[in-house]
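Engineer: Here you go, sequence then predicted model.
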Amino acid sequence: MMERTTLRRTKATLIHKRNKNIRAMQLLLGHTKLESTVHYLGIEVDGALEISELTGI
């Protein structure tokens, strides 16, 4: 089970690096809170808010 979680996180991280769309990642991962997605991806909250503003979320 651990391997599956790692693969899921790796794929999500690679997608995020490509598109920088936090909201899209939130929907893709099925998270209800943006904070959960930010924590899951291991990114800075300030950076996530800045990116989300740039993408019109």
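Structural biologist: Sure thing, it's come through.
Engineer: Now that residue 23 has come up, it's in contact with residue 38, right?
Structural biologist: No: in this structure, residue 23 is not within contact of residue 38 by C-beta atoms under 8 Å, at 11.3 Å. Bear in mind the C-beta positions are built from the backbone N, C-alpha and C, glycine included.
Engineer: So which of these two has more stuff around it?
Structural biologist: Counted by other C-beta atoms under 10 Å, residue 23 and residue 38 do not tie: residue 38 has more neighbours, with 22 against 14.
Engineer: In terms of helices and strands, where is the more buried one?
Structural biologist: For residue 38, the host element (DSSP states H and E) is helix 34-41.
Engineer: elements contacting that helix?
Structural biologist: For helix 34-41, the elements it packs on are helix 2-19, helix 22-29, helix 45-54, judged by 3 or more C-beta pairs under 8 Å, 6 or more residues apart in numbering; DSSP states H and E.
Engineer: Lowest mean pLDDT across those, which one is that?
Structural biologist: Of all the helices and strands packed on helix 34-41, helix 45-54 carries the lowest average pLDDT, namely a mean of 65.
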